[in-house]
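In: Quick one, fold the following:
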Amino acid sequence: MDEIDKRILAELQSNARLTNQELADRVALSPSPCLRRVRSLEKQGVIRGYHASVDQEACGLPINVFVLVKLEKPTEENMQDFEHHIEMIDEVLECFLMTGNHDYLLHVVSESLKSYEQFIRKQLTRLPNIASIESSFAFGQVKVKTKLPVR
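Out: As a prediction, this is how the structure comes out:
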């Protein structure tokens, strides 16, 4: 990636709804080369998609829970099975494979403590090969950032 590609990424991360003409103006390119660069970044997988930033509380999901999961036996097969199941659960926004005492860190959203309890009882604890689950509730968000510091 050169400096122009980095400027394109910075602009699109700030506002993905820019027209190609607006983007080209902001990065000092003509529209055709700008569009070619954007398409190239998409094809390379650098730009994975475009989305709307949605207010979590306005959608009725004010609870953020960070869940540490330890598998009984973290074999390749068990890990793939766990990850496949987690992909299917909408409440899990993010899942990280971790080092240390736990195998996974999940970011889960919920409507309420009661609905989180149901999530644990009816979904997470029913997954195979789970040794332990530890939940930590966030009091609030201090910083939310989706823009990567592309340098």
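In: rest of the way, CA atoms for contacts and neighbours
Out: Noted.
In: wait, what's in contact with the residue lying farthest from the centre of the chain?
Out: Checked against the mean C-alpha position of the chain, the extreme residue using Cα atoms, centre = their mean is Ser30, at a distance of 32.8 Å. The neighbours of Ser30, taking Cα atoms under 8 Å, 6 or more residues apart in numbering as the test, are Gln21, Ala24.
In: which residues of the protein score low on pLDDT?
Out: Within the chain, no stretch falls below the threshold (pLDDT under 70).
In: Which residue ranges of it form strands?
Out: 63-71, 92-97, 104-110, 130-137 (DSSP state E).
In: Now render the ones you listed as TSV, adding mean neighbour count and distance to Asn20.
Out: Conversion of the strands of the chain to TSV gives the following (neighbours: other Cα atoms under 10 Å; distance: least, Cα to Cα, whole Å):
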stretch	mean neighbour count	distance to Asn20
strand 63-71	20	36
strand 92-97	14	30
strand 104-110	20	34
strand 130-137	14	42
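In: In JSON lines: the ones you listed, plus distance to Leu18.
Out: Formatted as JSON lines, those follow (distance: least, Cα to Cα, whole Å):
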{"stretch": "strand 63-71", "distance to Leu18": "31"}
{"stretch": "strand 92-97", "distance to Leu18": "26"}
{"stretch": "strand 104-110", "distance to Leu18": "30"}
{"stretch": "strand 130-137", "distance to Leu18": "36"}
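In: Of all those, which one comes closest to Tyr50?
Out: The minimum distance between Tyr50 and the strands of the chain falls on strand 92-97, with 16.4 Å, by Cα to Cα.
In: who does that closest one pair up with?
Out: strand 104-110 (antiparallel) (DSSP bridges).
In: Return the distance of the partner strand from the chain's centre.
Out: A distance of 11 Å separates the centroid of the chain from that of strand 104-110, by Cα atoms, centre = their mean, to the nearest Å.
In: now swap in stretch 64-76 and tell me
Out: Taking the mean of its C-alpha atoms, stretch 64-76 sits 17 Å from the chain's own mean (Cα atoms, centre = their mean).
In: Over to stretch 118-126?
Out: Between the mean C-alpha point of stretch 118-126 and the mean C-alpha point of its chain there is a distance of 21 Å (Cα atoms, centre = their mean).
In: Stretch 103-110 too?
Out: In terms of Cα atoms, centre = their mean, the centre of stretch 103-110 is found 11 Å from the chain centre.
In: Out of the strands of the chain, the one nearest Val144 is which?
Out: Between Val144 and the strands of the chain, the shortest gap by Cα to Cα is with strand 63-71, which sits at 12.7 Å.
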